[in-house]
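In: Fold the following, please.
(chains A and B)
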Amino acid sequence: NAGVTQTPKFQVLKTGQSMTLQCAQDMNHEYMSWYRQDPGMGLRLIHYSVGAGITDQGEVPNGYNVSRSTTEDFPLRLLSAAPSQTSVYFCASSYSGVVGGGYTFGSGTRLTVV
Amino acid sequence: DQQVKQNSPSLSVQEGRISILNCDYTNSMFDYFLWYKKYPAEGPTFLISISSIKDKNEDGRFTVFLNKSAKHLSLHIVPSQPGDSAVYFCAASERGGGGATNKLIFGTGTLLAVQP
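Out: Residues are numbered from 1 along each chain as shown, chains lettered A, B, ... in the order given. Next up is the predicted model:
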């Protein structure tokens, strides 16, 4: 049971480049989300999805795009990378409506935009 | 506007003593609260949670207390162990139309260092 898998683990981008951060889970969780972690800012929600075909914005969605074509995958796209998007990105998943058990997080993608 | 606040960036305690991590929130619609633990280079892991209908929840060495009137919750770890050294995040879930939602708002985290 792999849980939540994020790829790549590290990435360096040039300003203006685009890329996709991959996230896959094998627990049949309906709910998936993307967070970014920055020093002094904690974890901030970028986008989330309550099921295949359904996505919505979080606290800091600008500059990011998501889609959810399958239950398992929830990729995060950076359309035109900016230095302000340098961060550690975490994907998380859970069963819908079961908040008490918490999320399962991936191990993160460390992104640097130069 | 930070809806979930952890005002102490760091905390240092001696092994065997109690660690108390604090969290304040501003949104009265939050109805579920969780604590996560994070080691460097790893994703956060779920630790313990509490519903707004309770004021205490205990799991082994970890106890979470909720004071709704003060919009304050705290995590007590006793006794503290060196392996507890990590960043601790407080998180809250907002009540949705159908009940609790999955969308979590996190605080900024507190770095706990347990000294041997």
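In: Quick check: B:Ser28 vs chain A, distance?
Out: Distance, B:Ser28 to chain A, using Cβ to the nearest Cβ, to the nearest Å: 17 Å. The way it works is simple: take the backbone N, C-alpha and C, and place the C-beta from them, glycine included.
In: That residue reaches B:Lys71, doesn't it?
Out: Yes: counting by Cβ atoms under 8 Å, B:Ser28 does reach B:Lys71; the two are 7.3 Å apart.
In: who's more crowded, these two?
Out: Higher neighbour count among B:Ser28 and B:Lys71: B:Lys71, with 17 against 11, using other Cβ atoms under 10 Å in any protein chain shown.
In: Any chance you could list what contacts the strand ranked longest in chain B?
Out: Secondary structure of chain B per DSSP state E: the longest strand is strand B:86-96. With Cβ atoms under 8 Å, 6 or more residues apart in numbering or on different chains as the test, strand B:86-96 has contacts from A:42-43, A:99, B:3-4, B:6, B:21, B:23, B:25, B:27, B:29-39, B:44, B:47, B:73, B:75, B:100-107, B:109-112.
In: buried ones in it?
Out: For strand B:86-96, a neighbour-count test (16 or more other Cβ atoms under 10 Å in any protein chain shown) marks B:Ala86, B:Val87, B:Tyr88, B:Phe89, B:Cys90, B:Ala91, B:Ala92, B:Ser93, B:Glu94 as buried.
In: neighbours of the closest residue to B:Asn22 other than its chain neighbours, just the number please.
Out: The shortest distance from B:Asn22 to any non-neighbouring residue, by Cβ to Cβ, 6 or more residues apart in numbering or on different chains, is to B:Ser74 (5.0 Å). Residues within reach of B:Ser74, counting by other Cβ under 10 Å, total 16.
In: quick one: what helix or strand has B:Ser74 in it?
Out: strand B:72-77 (DSSP states H and E).
In: I'd like to know which elements that strand is packed against.
Out: Under the contact criterion of 3 or more Cβ pairs under 8 Å, 6 or more residues apart in numbering or on different chains; DSSP states H and E, strand B:72-77 touches strand B:19-25, strand B:45-51, strand B:62-67, strand B:86-96.
In: how about those, which one is nearest A:Leu78?
Out: A:Leu78 lies closest to strand B:86-96 among these, at 24.1 Å (Cβ to Cβ).
In: Take the closest one, keep the C-alpha atoms, and write them as PDB.
Out: The C-alpha coordinates for strand B:86-96 follow below in PDB (Å, rounded to 0.1, in the frame of the first residue of the first chain):
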ATOM      1  CA  ALA B  86       9.100  18.000  15.300                       C
ATOM      2  CA  VAL B  87       7.000  20.800  13.900                       C
ATOM      3  CA  TYR B  88       3.400  20.600  15.200                       C
ATOM      4  CA  PHE B  89       0.600  22.000  13.100                       C
ATOM      5  CA  CYS B  90      -2.900  22.800  14.300                       C
ATOM      6  CA  ALA B  91      -5.700  22.600  11.700                       C
ATOM      7  CA  ALA B  92      -9.400  23.300  11.600                       C
ATOM      8  CA  SER B  93     -12.300  22.200   9.500                       C
ATOM      9  CA  GLU B  94     -15.300  24.400   8.700                       C
ATOM     10  CA  ARG B  95     -18.800  23.200   9.000                       C
ATOM     11  CA  GLY B  96     -20.400  22.800   5.600                       C
END
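In: Sweet, I'm off.
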